[in-house]
Each structure stands twice: as C-alpha cells, then as structure tokens.
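Peer 1: the sequence and its predicted three-dimensional model are supplied below.
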Amino acid sequence: MNTYADDVVSRMHQSAIEDPEAWWAENARQIDWYTEPSQILDRSNPPFYRWFRGGVLNTCYNALDRHVSGGRADQVALIYDSAMTGEQRSYTYRQLLDEVALFAGVLARNGVQKGDRVIVYMPNIPEAVVAMLACARLGAIHSMVFGGFAANELSTRIDHCTPRVIVAASCGLEPGRTIPYKPMLNEAIDLSTHKPDRVIIFQRDQLHADLDKPHDRDWVAEMKAASPHDCVPVESEHPLYIAYTSGSTGAPKGVIRDNGGHAVALKWSMKAVFDTDPGEVFFAASDVGWVLGHCYIVYAPLMHGATSVLFEGKPVGTPDSSTYWRMVEQHGIVTLFTAPTALRAIKREDPDGSILRSRDLSSLRTLFLAGERADPNTIEWITDLLDIPVIDNWWQTEAGWPMVANCKGLGLMPIKPGSPTRPVPGWDVRVVDENGQETEPDQMGAIVVRLPMAPGAALSLWNADQRYIDSYMTAFPGYYNTGDAGYRDKDGYFYVMSRTDDIINVAGHRLSTGAMEEVLSAHPAVAECAVIGVADDLKGQKPLGFVCLKAGTTARYEDIIEECARMVRHHIGPVAAYRETIVVERLPKTRSGKILRGTMQKIADNQEFRMPATIDDPAILEEIAVALKEVGLAGNRPD
C-alpha cells in the first residue's frame with residue numbers, strides 16, 4: 001500500500017510516538033488556556049501519566065464562551081430532535097451559553113463548588129447538555145447516569161461518587177410508554193448511605209413528578225431565582241467527569257476524565273478523524289449517558305464550533321427505519337456517527353434500501369461507526385446505498401476518543417470492511433501474545449496500548465488507583481490492556497474480533513466468535529447475529545449462533561440453520577465444530593447497542609447472573625432463555 005494518505009498518517013503517527021511532547025504541544029494551541037502548560041507530559045509517576053501540567057483552562061469556556069466572543073454567537077450550536085414527541089428546538093451558541101451560565105448559577109446557589117460531584121439522571125434532552133456544561137463551567141465533576149436506570153444501580157453510583165446535587169428529569173420516553181424517573185430516584189436515595197443536598201427536577205410535559213421531598217427543587221423556579229455564573233479556571237488534570245463502565249465485580253468502576261487532555265484530543269479529532277469543519281452539522285446518534293454521547297454529542301462538536309444534533313428516539317420504530325435519513329435531509333447533516341447495531345436494525349426493516357433512497361441525503365459526506373464490531377456485510381450494504389465512505393473506528397470508555405480509525409481529515413486511506421484501519425496518531429496500539437510479545441501479521445492476540453496513552457485517556461478510576469492498575473496495567477507491563485482480541489494484517493490494519501472473554505476454546509483450539517459472526521452475517525437472510533461459546537462435555541466449549549432474520553424472509557428456518565453451519569465450516573473449517581443456530585426475533589443489548597453475549601452464555605450454561613444494569617429491554621433475556629430450552633440447553637432465567 002503506497003498512497004499519499006497512508007504516507008501522511010504514517011509520518012504523523014511516527015512523530016507523535018517518537019516525540020509526543022512536541023506533537024501535543026502543537027495541538028494544544030487549538031485550545032484557549034488561562035495559563036499555558038509548563039510541562040506537556042509528566043512521566044514522573046507511571047502509570048499515572050499527566051498531560052499539560054501547569055495548564056489552566058475551562059472546558060465550558062472552550063465549548064461556548066470563546067465562540068460567542070469569536071463570531072459564532074448566532075450560529076446554531078445544538079439541534080434537539082425528538083422522534084418521541086415530534087418536538088424540535090435549536091439553540092445558537094449565545095442562547096446555549098445563556099442557559100448554561102444561568103444553570104451554573106443554579107448549581108452554585110445550591111452549594112456546588114469546584115471539585116463537587118453532580119449526578120445527571122436525564123434522557124437525551126437539551127437540559128442534560130445544559131447540566132453537563134454548567135458543571136464544567138463551575139469545575140464540578142459530573143456523572144451522567146442513564147435516565148431510567150434501576151434504583152439499585154443508581155444508588156451504587158450515588159454512594160460511590162457522593163454527589164452534592166442530583167439533576168433529573170421527571171420522565172423518559174420509550175416507544176409506546178412513559179417512564180417515571182422520580183419514583184426510581186426516590187428509591188435510590190433511600191437505598192443510599194450518602195444523601196444529596198439537593199435534587200433538581202426538570203418537569204417534562206409528558207409527566208410531572210411530585211416534588212415531595214425536602215431536598216426537591218423545580219428546575220424552572222430555580223432558574224428564575226438564579227444569576228449567571230462565570231467560568232471557574234481549573235488545572236489541566238482536574239477531573240471533568242466520571243464515566244461508569246462495566247467491571248468484573250459488582251463495585252462501580254468510575255473512569256476519570258481530565259479537562260486539559262480531553263479538550264486538546266477531542267478538538268483535534270473533529271477535523272483529523274471526523275473531517276468535520278466548524279459550522280457544519282455533526283450527528284452522533286448516541287445517548288448522552290455513554291462516553292460517545294459525552295464526547296461527540298456535547299464536548300467535541302461544541303469545542304470545534306460545529307453544530308451538534310441531539311436525538312431522542314430509536315433508529316427504527318420512531319416511526320420507521322427512515323428516522324436517521326429524515327434527519328440528515330432536514331438538518332443538512334454532513335457527518336453521521338452511529339453504532340453498527342443501529343444499521344443492522346435499519347437493514348432488517350429496509351433490506352433493499354427503498355426507504356433510504358426516498359430521502360435527499362446529498363449533504364452527508366461520511367458515515368462513521370463504533371460501539372460494536374462492524375461486520376463487513378453491513379458495511380458493504382450501507383456503502384452501496386449511500387455511495388460515501390463508511391468508516392469504522394475503535395475505542396473504549398477508558399480511551400475517551402478513537403484509538404484506531406481511518407483519519408479522513410488527514411486523507412482517506414483505502415477502506416477494508418471489517419477493519420477500523422490503523423492507529424490514530426498519538427496512540428501506540430499493538431497486538432501481543434500471552435507473553436507480551438508482538439505477534440506476526442494475521443496472528444490473533446491481545447490488543448494493547450503502549451504507555452503513556454494519548455491525552456484524553458483515563459486518569460485513573462474514581463477513588464481506586466490500585467484497581468486501575470490491577471484492571472488495566474498488570475497483564476502486560478508497560479501496556480494498557482484493552483481486553484479486546486484481534487490481529488493486524490501486513491498493511492498494519494487492525495481487526496478487532498471480540499472481547500478477550502469471547503475467545504472460546506473448542507477442543508484446545510482458540511477461536512474467535514467475531515470471526516464466526518462475520519460469516520453468519522453474510523447469509524442473505526440474516527439481519528443480525530451473535531455467537532457464544534457454551535459448555536460441552538467433550539470439547540470443553542462449542543459455538544452456538546443466534547440469528548435475527550431480515551423482514552420479508554420466506555426461507556425455512558431449517559434451511560437457514562443448515563446453510564449457516566455449512567458457511568462456517570467452509571470459511572473457518574471443521575475445527576470450529578459449528579453446528580447449531582437458533583433463530584430469534586431480537587438480541588439482548590445495552591442501550592449503546594452492544595450485544596450481551598456474556599449474559600447469553602450464562603443463561604445457556606445455567607449459571608447465576610445479575611440483570612445487566614444497562615440492558616435496553618430485560619424481556620429479551622426471557623425470550624433467549626425460552627429459545628435455549630427449546631434446543632435442550634439449560635436456559636436459566638434472569639433473577
């Protein structure tokens with residue numbers, strides 16, 4: 001491979017690895033600092049590296065104030081589009097700044113100061129964005145908790161980060177139902193040892209909550225009584241937010257994100273990775289509760305001076321599979337960033353693309369994918385329909401922004417469906433064997449990142465430095481262990497095949513469930529699939545596939561199951577011992593679209609498990625259990 005874009009990215013990547021201080025000092029100039037950093041990278045206490053020591057800034061200032069004073073005051077900053085209510089609202093940078101400054105005054109009036117924690121328990125509504133930015137304005141540390149999170153899960157986060165204030169909405173909306181938040185919030189506080197000083201409720205028109213506790217306050221009334229608050233300068237390493245992610249124990253695992261490294265990395269990524277210019281419309285189809293929502297609904301687009309779209313709804317069913325395409329047409333979106341699972345849902349309902357083709361998508365330049373492995377079949381399907389680059393990118397909550405991607409803003413490299421391409425400049429990503437030695441091309445191994453990680457990566461875990469070391473830094477000394485498995489090819493392209501835990505052992509052969517899913521997804525009748533390893537007395541484990549079929553499929557289930565087994569044998573070989581496929585209506589997923597393979601495996605093996613806190617629809621687990629019973633597996637029910 002010898003393209004101009006490849007040469008540019010290779011040179012940048014090498015420069016950033018060889019002299020990270022010089023590389024990131026240059027990019028830090030894109031951010032407004034009250035005090036310039038005196039040390040770009042502090043290496044004195046590994047693995048706790050610190051970027052931009054001595055620098056003082058404010059993230060909210062970089063997202064709003066500097067654009068208002070710099071000529072973008074009347075440009076639209078945020079478009080709210082609710083497929084649930086039909087409501088649309090737009091905020092210019094000046095209007096959003098006015099709201100944020102006033103709500104920062106509300107928080108300050110209720111005792112919030114620099115370093116205090118604030119939990120935000122809200123759906124995708126503008127007030128959630130306002131609350132996040134208001135916390136950043138004060139130097140308070142926000143923790144977004146998905147609106148509608150169960151009381152027990154919410155209570156563990158309350159006790160873990162001890163918020164002074166909780167900001168919540170009265171309800172959330174799902175297709176066909178309204179979810180009251182206040183009763184769950186009341187129960188969570190009752191269960192918690194820590195008690196917040198205040199609970200501020202934004203009343204939605206669809207359902208008003210009873211403000212029946214002494215600590216309850218009404219959002220509108222508080223805003224009327226408050227005065228705008230200025231930005232509070234904070235040190236570069238001062239925490240901006242705590243993002244909770246899954247852990248191997250029941251204890252919350254709170255990833256800490258800093259202000260300085262986060263601002264520099266995200267601002268740089270908007271053009272370099274996502275090829276979006278200031279003033280253009282960027283749509284990250286995510287929940288603000290996920291790290292993708294934090295970074296690419298709120299902070300990155302606004303720090304870049306772009307227009308960000310905040311969407312409330314589902315990719316299908318609100319009202320149909322045209323929702324994203326309607327929004328592209330209506331708002332002039334140039335960059336769409338979504339999860340592969342959303343595309344698979346759209347593909348299932350609109351396999352021939354007739355609904356998609358009915359919309360004017362001429363503004364859309366690029367479709368980016370992340371959050372779940374993007375199978376080549378889905379990428380090729382949507383690429384043929386849109387006739388634009390469809391770019392996978394790979395990262396994690398702990399990373400904070402893409403680690404491997406086709407950096408379109410630096411020059412588009414050839415796209416290989418199934419690969420997120422190559423490491424982004426600043427990230428030294430490698431594949432190693434169980435001894436920590438780099439693997440040869442095309443050899444499966446653990447994907448790791450050589451330390452120090454790039455700016456914007458996790459500082460540590462909240463109140464758990466040793467757990468941070470134990471979780472990420474001990475398996476491969478000198479590296480951050482991502483927990484993902486995959487390989488790189490001879491061109492340096494990475495293929496992220498599965499979580500390390502999803503590598504199954506069939507009669508001594510280590511096999512990737514992701515590779516089998518890639519084969520199944522190529523079946524013409526399959527819209528979506530998952531493969532797990534289930535216990536087997538003879539082989540240790542054996543693979544079991546689940547497939548959801550495209551709308552309008554008329555083929556017999558028996559024929560599809562036989563064809564799936566034949567395809568896996570052909571592409572992977574008899575060593576996979578793949579025989580069984582179950583046809584299901586839907587797969588259990590988190591709200592971000594990740595398939596809950598581990599939970600499915602526990603059901604199949606009759607192991608005890610807890611209901612995953614982030615599951616989108618708990619009823620699906622019962623459907624999976626019933627399907628497993630029908631093929632003679634244990635099918636243990638959820639607690």
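Peer 2: The structure has been received and is ready for your questions.
Peer 1: for the chain, name the helix or strand with the lowest mean pLDDT.
Peer 2: strand 509-512 (a mean of 72; mean pLDDT, DSSP states H and E).
Peer 1: and the following helix or strand past that strand, what does it pack onto?
Peer 2: Per DSSP states H and E, the first helix or strand lying C-terminal to strand 509-512 is helix 513-521. Counting by 3 or more CB pairs under 8 Å, 6 or more residues apart in numbering; DSSP states H and E, the packing neighbours recorded for helix 513-521 are helix 376-386, strand 494-499, strand 526-536, strand 540-549, helix 557-571. Where C-beta positions appear, they are placed from N, C-alpha and C, glycine not excepted.
Peer 1: tell me which of those sits nearest to Ala625.
Peer 2: Closest to Ala625 of these, according to CB to CB: strand 540-549, at 12.3 Å.
Peer 1: got the angle between the closest one and strand 526-536?
Peer 2: For strand 540-549 against strand 526-536, the angle by axes from the mean of the first three to the mean of the last three CA atoms, to 10 degrees is 160 degrees.
Peer 1: got the contact list for stretch 184-195?
Peer 2: With CB atoms under 8 Å, 6 or more residues apart in numbering as the test, stretch 184-195 has contacts from 121, 148-152, 154-155, 158-159, 162-163, 166, 168, 196, 199, 213, 215.
Peer 1: list the residues that contact the residue positioned nearest the centre of the chain.
Peer 2: Centroid-nearest residue in the chain: Leu292, 3.7 Å away (criterion: CA atoms, centre = their mean). Contact analysis of Leu292 by CB under 8 Å, 6+ apart lists 284, 286, 337, 370-371, 592.
Peer 1: the stretch 201-350 of the chain: helices as residue ranges?
Peer 2: Applying DSSP state H, counting those that start in this stretch to the stretch 201-350 of the chain gives helices spanning 219-225, 260-272, 291-293, 300-304, 323-331, 340-349.
Peer 1: after the lengthiest helix in the chain, which helix or strand is next? Please name it.
Peer 2: If you go by DSSP state H, the chain has its longest helix at helix 93-109. Using DSSP H and E, the next helix or strand after helix 93-109 towards the C-terminus is strand 117-122.
Peer 1: His142: which of the helices and strands packed on helix 513-521 is closest?
Peer 2: Closest of these to His142 is strand 494-499, at 28.0 Å (criterion: CB to CB).
Peer 1: could you list every helix and strand that the closest one packs against?
Peer 2: Going by 3+ CB pairs under 8 Å, 6+ apart, strand 494-499 lies up against strand 479-488, helix 513-521.
Peer 1: rerun that using 10 Å as the cut-off
Peer 2: Packing contacts for strand 494-499, counted by 3 or more CB pairs under 10 Å, 6 or more residues apart in numbering; DSSP states H and E, involve strand 390-394, strand 404-405, strand 429-432, strand 445-450, strand 479-488, strand 509-512, helix 513-521, helix 597-604.
Peer 1: Serialize the helices of the stretch 201-350 of the chain to JSON lines and add fields for mean pLDDT and distance to Val568.
Peer 2: Output for the helices of the stretch 201-350 of the chain, formatted as JSON lines (pLDDT from 0 to 100; distance: least, CB to CB, whole Å):
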{"stretch": "helix 219-225", "mean pLDDT": "98", "distance to Val568": "54"}
{"stretch": "helix 260-272", "mean pLDDT": "98", "distance to Val568": "37"}
{"stretch": "helix 291-293", "mean pLDDT": "92", "distance to Val568": "31"}
{"stretch": "helix 300-304", "mean pLDDT": "98", "distance to Val568": "39"}
{"stretch": "helix 323-331", "mean pLDDT": "97", "distance to Val568": "32"}
{"stretch": "helix 340-349", "mean pLDDT": "90", "distance to Val568": "19"}
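Peer 1: among these, which comes closest to Ile79?
Peer 2: helix 323-331 (5.7 Å).
Peer 1: buried residues, the closest one. List them.
Peer 2: Residues of helix 323-331 classed as buried under the neighbour-count rule (16 or more other CB atoms under 10 Å) are 323-329, 331.
Peer 1: one step back: turn the helices of the stretch 201-350 of the chain into TSV, including distance to Asp116.
Peer 2: Converted to TSV, those look like this (distance: least, CB to CB, whole Å):
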stretch	distance to Asp116
helix 219-225	17
helix 260-272	19
helix 291-293	22
helix 300-304	23
helix 323-331	36
helix 340-349	36
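Peer 1: contacting residues for Ile256?
Peer 2: Ile256 is in contact with 141, 237, 239-243, 458-464, 468, counting by CB atoms under 10 Å, 6 or more residues apart in numbering.
Peer 1: where does this protein have low pLDDT?
Peer 2: Residues of the chain that meet the criterion pLDDT under 70 lie in 1-5, 246-251, 501, 507-510, 634-639.
Peer 1: looking at it, which residue reaches furthest from the middle?
Peer 2: Farthest-from-centroid check, the chain (CA atoms, centre = their mean): Leu538, 38.6 Å.
Peer 1: quick one, phi psi at that residue?
Peer 2: For Leu538, the backbone dihedrals are phi -90, psi -50 (criterion: degrees, to the nearest 10).
Peer 1: can you add mean neighbour count and distance to Gly176 and give the helices and strands packed on strand 494-499 back as CSV?
Peer 2: Formatted as CSV, the helices and strands packed on strand 494-499 follow (neighbours: other CB atoms under 10 Å; distance: least, CB to CB, whole Å):
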stretch, mean neighbour count, distance to Gly176
strand 390-394, 26, 31
strand 404-405, 26, 37
strand 429-432, 20, 43
strand 445-450, 22, 40
strand 479-488, 22, 36
strand 509-512, 18, 38
helix 513-521, 24, 29
helix 597-604, 22, 24
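Peer 1: want to throw the ones you listed into CSV with distance to Phe494?
Peer 2: Shown next, in CSV, are these (distance: least, CB to CB, whole Å):
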stretch, distance to Phe494
strand 390-394, 7
strand 404-405, 5
strand 429-432, 7
strand 445-450, 7
strand 479-488, 5
strand 509-512, 14
helix 513-521, 13
helix 597-604, 21
